[in-house]
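> Got a predicted structure here, sequence first:
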Amino acid sequence: MAAIPRQQQSSYQPRRASGFTIIEQAQQRVGTQQADQLANLLGLTFKELALVLQIAERTLHRFRSEGLLDSPSSERLLLLENLAAHGLLVFDGRTDALANWLRYPLRELKNQPPLALLNTISGFTLVDDVLTRIEYGVYA
């Protein structure tokens, strides 16, 4: 699987946003540079990013040439950014730990890795709930 092109050390830090902020930003559309930065941070391949955004790889290539995602893809990217910000909080800022955790099958998720569930909005909610349980020390 092809990786997202690595950028020079970036100061990019995902931020959590409220529901209305996500709606507003998604309607305005998010730049593909933000998508690349987030994918880079999480170690996502191009294919994995396309799956999370629920678009074909060719469509993602087209969006990159245009510089903007469409509104539905923007919303998914912003949800992923929220999840990444929460995950970095839980894993003390360790991007490697978060990237590994996203790929590790979890009993709480019916032995699926969190990344596999990020193709649905409900999956984002379930994965965020698991992060909250880890954050508060409730593992079962």
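Okay, I see it. Numbers count the residues shown, from 1 in each chain.
> Pretty sure Arg76 is one of the things Ile22 touches, is it not?
No: judged on Cβ atoms under 8 Å, Ile22 makes no contact with Arg76 at a distance of 10.0 Å. The way it works is simple: take the backbone N, C-alpha and C, and place the C-beta from them, glycine included.
> all helices of the chain, in order?
Counting by DSSP state H, one finds helices in the chain at the ranges 19-28, 32-42, 46-53, 57-66, 71-90, 95-103, 114-117, 121-135.
> What average pLDDT does the shortest one get?
In this model, helix 114-117 has an average pLDDT of 98.
> which helices and strands does that helix pack with?
Helix 114-117 sits against helix 95-103, helix 121-135, with contacts defined as 3 or more Cβ pairs under 8 Å, 6 or more residues apart in numbering; DSSP states H and E.
> who does the last one touch, helix- and strand-wise?
Put plainly, it is helix 121-135. helix 71-90, helix 114-117.
> which residues touch Gln112?
105-106 (Cβ atoms under 8 Å, 6 or more residues apart in numbering).
> Could you do the one 4 residues further on as well?
Listed by Cβ under 8 Å, 6+ apart, the contact set of Ala116 reads 109, 123.
> pLDDT score for Leu89?
97.
> Nearest spatial neighbour of it, chain-adjacent residues omitted?
Distance criterion Cβ to Cβ, 6 or more residues apart in numbering; nearest residue to Leu89, sequence neighbours excluded, is Glu135 at 7.1 Å.
> Compute the distance between that neighbour and Val127, please.
To Val127, Glu135 is 13 Å away according to Cβ to Cβ, to the nearest Å.
> repeat for Leu53
The gap separating Leu53 from Val127 is 16 Å, by Cβ to Cβ.
> same question, Pro114
According to Cβ to Cβ, Pro114 stands 4 Å off from Val127.
> neighbour-wise, which of these two wins?
Between Pro114 and Val127, counting by other Cβ atoms under 10 Å, Val127 is the more crowded of the two (27 against 24).
> Is that one in contact with Glu108, as I believe?
No: between Val127 and Glu108 there is no contact under Cβ under 8 Å: 9.6 Å.
> Can you give me the pLDDT of the residue nearest the centre of the chain?
Taking Cα atoms, centre = their mean as the criterion, Leu80 is the residue nearest the geometric centre of the chain, at 2.8 Å. Leu80 carries a pLDDT score of 98 in this model.
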